[in-house]
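Enquirer: no sequence on hand, only this structure:
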């Protein structure tokens, strides 16, 4: 069976202002080789962002339109034609820390994780509609979320506050749900991932981590924990060298009907890392990456229940795409892994980069007619 070409974005954590912060790759999943690589367009203000955990860096979500490819960075989505010529740019002051994007019914849907919004844009970049998750306060209260809504409809549509420009303290006020992924079911209803709902205890722990990072103390702290784990034989949790308890929170997938009413489709009550990369397969099966455990989870949105789970990595899990063979491709830090979910095994892997700071963000299937990537994507 002929396999299509895959396209993947990456983010390079801790990249300095003089370094590329992310790339776009094309991959042949039959021969399992990297075909080409391009630097991602850098967002404005990146040199003023000190956040070493990612911040404004890197390539983000990918969406496939009608003969076009949409690729996001932190604050904009770029439209490319088959020869990788730039056809347009979608950006708005109310849309920042873009994670996932999706093309549906001649509109581009964008998750704005910085301020708990989902926005629907026209191809020309005009806001057609939006969803402010903080208005679902009755539902969110069940998961320990207590932050108030800070954005009115007018503020959002007029872009009265430019979230694309980094400012101290704003992240703590506006990012409370980490809205990071969306997908559409066959009946048109939307699944939306609240990747990590920030409880008060979680916010306190993350504030401490940011303090250690900003003062250059985080790496010594991690090293000390690593040696303590070795010396005392303490069991580590997934994706961490810490022997102290990590900040734990709740992750939720919501299902929205045509009226905008929401109900839970799946709940992860104990998450230390955000869930990532909602996928609705060709047969209607729904998947999500449980980054806390390194598992790909299959679930039934109608019953709000898991129907299968497969452990695929000990590394940072993000990005899931189906192959015509029925297998899945997932991102695991700087690698792509081929997953035989039904067979319960990892069938292969390819390393995109030798840089351990680099991590996959999104994976999609490249449309026919697109050639190799240029060295630098225009934007």
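Expert: That came in fine, so what should we check first? In this text the structure is predicted, and so the values were computed from the model without any measurement. Numbering: from 1, shown residues only.

Enquirer: could you list the low-pLDDT ranges of the protein?
Expert: 1-3, 49-53, 168-169, 199-210, 212-214, 218, 221-222, 225-248 (pLDDT under 70).

Enquirer: hmm, try it at 80
Expert: Within the chain, the segments meeting pLDDT under 80 span 1-3, 45-55, 166-172, 198-219, 221-248, 282.

Enquirer: find the centremost residue of it, please.
Expert: Centroid-nearest residue in the chain: residue 99, 4.6 Å away (criterion: Cα atoms, centre = their mean).

Enquirer: check which residues of the helix or strand containing that one are buried.
Expert: Here residue 99, judged by DSSP states H and E, is contained in strand 98-104. Within strand 98-104, the residues scored as buried using 16 or more other Cβ atoms under 10 Å are 98-103. C-beta: built from backbone N, CA, C; applies to glycine.

Enquirer: looking at those, which is nearest residue 161?
Expert: residue 98 (16.3 Å; Cβ to Cβ).

Enquirer: who's in contact with the residue lying closest to residue 348 once chain neighbours are set aside?
Expert: Residue nearest to residue 348 in three dimensions, not counting chain neighbours: residue 338, with 4.3 Å by Cβ to Cβ, 6 or more residues apart in numbering. With contact set as Cβ atoms under 8 Å, 6 or more residues apart in numbering, residue 338 has these partners: 29, 32, 323, 327-329, 346-349.

Enquirer: any idea how far the helix or strand just after the strand holding residue 99 is from the chain center?
Expert: Using DSSP H and E, the helix or strand that follows strand 98-104 in sequence is strand 107-112. How far strand 107-112 lies from its chain's middle: 13 Å, per Cα atoms, centre = their mean, to the nearest Å.

Enquirer: list the contacts of strand 107-112.
Expert: 61, 63, 65, 70, 72, 77, 90, 94-103, 117-123, 128, 163, 179-182, 190, 192.

Enquirer: among the residues you listed, which are in strands?
Expert: 63, 70, 72, 77, 90, 98-103, 117-121, 128, 179-182, 190, 192 (DSSP state E).

Enquirer: out of those residues, which are buried?
Expert: Counted by 16+ other Cβ under 10 Å, the ones in strands among the contacts of strand 107-112 give 63, 70, 72, 77, 90, 98-103, 117-121, 179-182, 190, 192 as buried.

Enquirer: how far is stretch 187-196 from where the chain is centred?
Expert: Worked out by Cα atoms, centre = their mean, stretch 187-196 lies 13 Å from the chain centre.

Enquirer: quick one: buried residues of it?
Expert: Result for stretch 187-196 [16+ other Cβ under 10 Å]: buried residues 190-196.

Enquirer: now these in a markdown table, with distance to residue 107?
Expert: Listed next are the buried residues of stretch 187-196 as a markdown table, based on distance: Cβ to Cβ, whole Å:
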| residue | distance to residue 107 |
| --- | --- |
| 190 | 12 |
| 191 | 17 |
| 192 | 15 |
| 193 | 19 |
| 194 | 22 |
| 195 | 23 |
| 196 | 27 |
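
Enquirer: report the two of those residues separated the most.
Expert: 190 and 196 (19.3 Å).

Enquirer: how about the helices of the chain, start to end?
Expert: 137-140, 153-158, 170-174, 200-214, 218-232 (DSSP state H).

Enquirer: return the list of helices and strands in contact with the shortest one.
Expert: Contact partners of helix 137-140 among helices and strands, from 3 or more Cβ pairs under 8 Å, 6 or more residues apart in numbering; DSSP states H and E: strand 262-271.

Enquirer: now the strand it packs on, how far from the centre of its chain.
Expert: With Cα atoms, centre = their mean, you get 17 Å for strand 262-271.

Enquirer: now swap in stretch 72-86 and tell me
Expert: Relative to where its chain is centred, stretch 72-86 has its mean C-alpha point 17 Å off (Cα atoms, centre = their mean).

Enquirer: buried stuff in it?
Expert: Buried-residue list, stretch 72-86, by 16+ other Cβ under 10 Å: 72-80, 84.

Enquirer: what's the first-to-last distance across stretch 63-77?
Expert: Chord length of stretch 63-77, first to last residue, is 10 Å (Cα to Cα, to the nearest Å).

Enquirer: ah, wrong one, I meant stretch 314-328
Expert: 17 Å.

Enquirer: returning to what we had before: touching the strand holding residue 99 from outside, list them.
Expert: 60-65, 70, 72-77, 108-113, 179-184, 193, 195, 277-278, 362.

Enquirer: stretch 340-356 now?
Expert: Contacts of stretch 340-356 (Cβ under 8 Å, 6+ apart): 8, 10, 12, 23, 25, 27, 32-34, 296, 298, 308, 310, 312-313, 326-328, 332-339, 358, 360.

Enquirer: gap between the two ends of it?
Expert: Using Cα to Cα, the two ends of stretch 340-356 sit 25 Å apart.

Enquirer: do the same with stretch 18-30
Expert: End-to-end for stretch 18-30, by Cα to Cα: 35 Å.

Enquirer: run the chain-centre distance for that stretch.
Expert: Here stretch 18-30 is found 16 Å from its chain centre; the criterion is Cα atoms, centre = their mean.

Enquirer: buried sites along it?
Expert: Quick answer for stretch 18-30 (16+ other Cβ under 10 Å): 20-27, 29.

Enquirer: do the same with stretch 276-287
Expert: Buried-residue list, stretch 276-287, by 16+ other Cβ under 10 Å: 276-281, 285-287.

Enquirer: now flag whichever of these is closest to residue 153.
Expert: Taking Cβ to Cβ as the measure, residue 153 lies nearest residue 278 of these, at 26.2 Å.
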